[in-house]
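S.K.: Attaching a predicted model along with its sequence, questions to come.
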Amino acid sequence: MVQLVDRDQWGARSPKGMTVLQSRPKGVKIHFVGDRVDPAIVNSHGKCLALAKSIQKHHMDTNLWGDIGYTGLACPHRQLLLGRGPGLLPAANGNGLNSDHYAIMAMVGTSGLVVPPDDMLHGLVDAIHWLRRLPAKEKPCGQEVLGHRDGWDTDCPGEWLYAWLQRGCPRPDGGAPPAPGADMPPWPGRVLEYPPAAVGDDVLTWQKQMRRRGWPITVDGSYGSQSRDIARQFQMEKGLRTSGKVGRDDWEAAWLAPIT
């Protein structure tokens with residue numbers, strides 16, 4: 001269960017006017033602090049509150065936004081500081097993109113504290129589940145989990161967090177994470193895994209057919225060898241093929257096979 005720190009607890013200023021979301025967002029976009037984060041924040045929750053206040057000040061006084069731009073902020077102590085909150089339009093994803101996703105910021109930055117502690121990762125996952133399970137009137141979000149850079153020209157949320165997103169946002173298991181970029185495909189987009197890690201709406205024809213059979217996945221439009229390998233694993237698991245080779249007949253058989 002998500003551990004919320006309400007606005008009064010972290011000393012938030014009053015908003016100057018918010019826009020209510022008219023429809024359910026597709027999911028969540030993850031952000032980070034685009035600057036240095038003091039590593040001492042890990043041992044001082046007071047520093048988390050101070051960081052949230054400084055970000056709100058910048059958003060309101062410099063960006064001239066009505067409030068802090070994020071839906072919430074995940075700190076190193078497995079707590080989520082409530083920003084704009086659910087049901088309200090965030091401002092952090094970029095013009096024209098805010099209504100599609102809630103915005104959650106992780107308190108890591110470009111230097112200092114750059115690798116999120118385990119409790120911060122737990123807090124991010126807690127926040128995602130919380131936003132998906134909101135009551136209908138509060139606009140629960142869909143299944144997508146993306147980075148700020150997906151759709152906007154930015155490095156946010158940094159290489160470490162973006163690689164974590166591409167692995168499906170796993171909870172910490174105590175093992176060392178793979179180095180960011182180690183398994184990246186040679187084209188822009190997500191790392192493909194099987195079983196797939198994420199759900200998306202803008203998928204290619206064969207992906208739509210696979211998703212109808214319980215196999216959700218998103219890529220950015222490439223038919224590279226990794227795509228074929230993943231599809232082959234799915235087909236063999238579902239009994240749609242036994243051969244290790246991929247041909248047009250195999251694809252058509254998978255598309256036309258009854259859904260069971």
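M.R.: Ah, there it is. All of these numbers come straight from a predicted model, not from anything done at the bench.
S.K.: C-alpha from now on. contacts and neighbour counts both.
M.R.: OK.
S.K.: Show me the shaky parts of the chain.
M.R.: 173-260 (pLDDT under 70).
S.K.: All the strands of it, residue numbers only.
M.R.: 4-5, 27-32, 36-37, 72-74, 80-82, 101-106, 111-112, 144-147 (DSSP state E).
S.K.: and the last one, which strands flank it?
M.R.: Paired strands of strand 144-147, with direction, are strand 27-32 (parallel) (DSSP bridges).
S.K.: same question, the first one
M.R.: The strands beside strand 4-5 in its sheet (DSSP bridges) come out as strand 80-82 (parallel).
S.K.: Go ahead and name everything in contact with the partner strand.
M.R.: With contacts defined as CA atoms under 8 Å, 6 or more residues apart in numbering, strand 80-82 is touched by 2-7, 10, 52, 71-75, 123-124, 127.
S.K.: Now do the buried residues in that strand.
M.R.: Within strand 80-82, the residues scored as buried using 16 or more other CA atoms under 10 Å are 80-82.
S.K.: Just the buried residues of the contacts of strand 80-82.
M.R.: Applying 16+ other CA under 10 Å to the contacts of strand 80-82 flags 2-5, 7, 10, 52, 71-75, 123-124, 127 as buried.
S.K.: coming back round to it: next, format the buried residues of strand 80-82 as CSV and append distance to G147.
M.R.: CSV is the format used below for those (distance: CA to CA, whole Å):
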residue, distance to G147
L80, 18
L81, 19
L82, 19
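S.K.: closest to N95 among the buried ones among the contacts of strand 80-82?
M.R.: T71 (15.8 Å; CA to CA).
S.K.: From A40, how far off is that closest one?
M.R.: 24 Å (CA to CA, to the nearest Å).
S.K.: now do L81
M.R.: 18 Å.
S.K.: now the helices for the chain?
M.R.: Along the chain, the segments classed as helices by DSSP state H run 7-10, 45-57, 118-132, 159-166, 205-212, 225-237, 248-256.
S.K.: helices or strands up against the fourth one?
M.R.: With contacts taken as 3 or more CA pairs under 8 Å, 6 or more residues apart in numbering; DSSP states H and E, helix 159-166 sits against strand 144-147.
S.K.: Many thanks, have a good one.
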